[in-house]
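1. model the following, please.
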Amino acid sequence: MTRLSVNINKIATLRNARGGNNPDVVQVARDCERFGAQGITVHPRPDERHIRYADALALKNNVRTEFNIEGYPDERYVKLVLETRPAQATLVPDKPDAITSNAGWDTVRHAGFLTEVIGALKQSGARISVFVNPDEHMVEGAHNVGADRIELYTEPYASGFHADRAKAVAPYVAAATRARTLGLGINAGHDLDLHNLHYLAHTLPHLDEVSIGHALICDALYFGLENTIQLYLRQLV
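-> Coordinates of the predicted model:
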C-alpha cells in the first residue's frame, strides 16, 4: 500500500503566528503517527517562516516512522541532513523566497550539482528523492545523478483533475513506469487532497509514498486530525 507522510509545516506556521510553543510541533508529529501516519515530512526554509531548523533537530529523536526532510540542498540543508540522518532527504529546487514548491528539477541541466550534493548526502544513510515534473527525461536524469527515488510534482495533475482526470494523470503514469524500469522508487506530492488522491494512488503504478500537508491540515480543522488522517489513509487502500 502507498504510504502517507504528513507534512507538518502548517502546524509550525500556526505556532509561529502567536509565538510560544502552541501547537507543539513535536507532539503533533507523535500524534500523527499515533493516528496512523506512516511518515512525517518537514520542509525548512531559509527564513524559517514555518518549520525551523531547530524543529528538525528536535524531531529526529521523536519520529518513530519515516522522517523526511525536504528542501533546497544548500550548505545549511546538507549540514542538517548529515546531523539528523532522516530516513529520506527530498531535494526541491525552491528559490529562497518561494511561497511553496512550484516546479521540479531540471535534472539534465543541473546534473553536475545534483550529483555532487547527492554524493554528500548519502553519507547520512538517507534515501535520496529528487522532486521532478512528470517528464521521462527528468526521471532518467534523476537516475543518472544517483537518486534512489523521485517525487512527482502533482500540482498539474490536481489542476486538471476535475476537467479530465485521465488526461491529467497520463504523464504521471508514463513517468512512473519509466522510473520503475530504472529501479527508482516513486513518491508524489503537492496539492493532493481527498478529492484527487484515490484516483492517483490507484492509477499510478508502484507508488511508494505521498506527502501531504496543506490540504490535510485544512481538512483537520473540520474533521479533526485523527479522523482526517484516517480519511486520507482510506484513499490509499
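
2. make it CA atoms for all contacts and neighbour counts henceforth
-> Noted.

3. what about the helices in this protein?
-> For the chain, the helices defined by DSSP state H occupy 9-18, 25-34, 53-59, 75-84, 111-121, 136-144, 155-160, 165-181, 197-203, 214-223, 225-235.

4. now the second one: average pLDDT?
-> Yep, that's helix 25-34 we're talking about. Throughout helix 25-34, pLDDT has a mean value of 98.

5. what does that helix rub up against?
-> The contact list for helix 25-34 (C-alpha atoms under 8 Å, 6 or more residues apart in numbering) reads 6, 8, 11-12, 39-40, 55, 58-59, 62-65, 225-226, 229.

6. one more: the longest one?
-> Counting contacts by C-alpha under 8 Å, 6+ apart, the residues outside helix 165-181 that touch it are 134-136, 139-140, 150, 152, 156-158, 160-161, 185-186, 200, 203-207.

7. quick one, it and helix 136-144 angle?
-> 30 degrees (axes from the mean of the first three to the mean of the last three C-alpha atoms, to 10 degrees).

8. pLDDT averaged over helix 165-181 - what is it?
-> For helix 165-181, the per-residue pLDDT averages 98.

9. same deal with the third one?
-> The average pLDDT within helix 53-59 is 97.

10. for the last one, same thing?
-> In this model, helix 225-235 has a mean pLDDT of 98.

11. same check, this time on the first one
-> Mean pLDDT, computed over helix 9-18, is 97.

12. tilt between that helix and helix 214-223?
-> 70 degrees.
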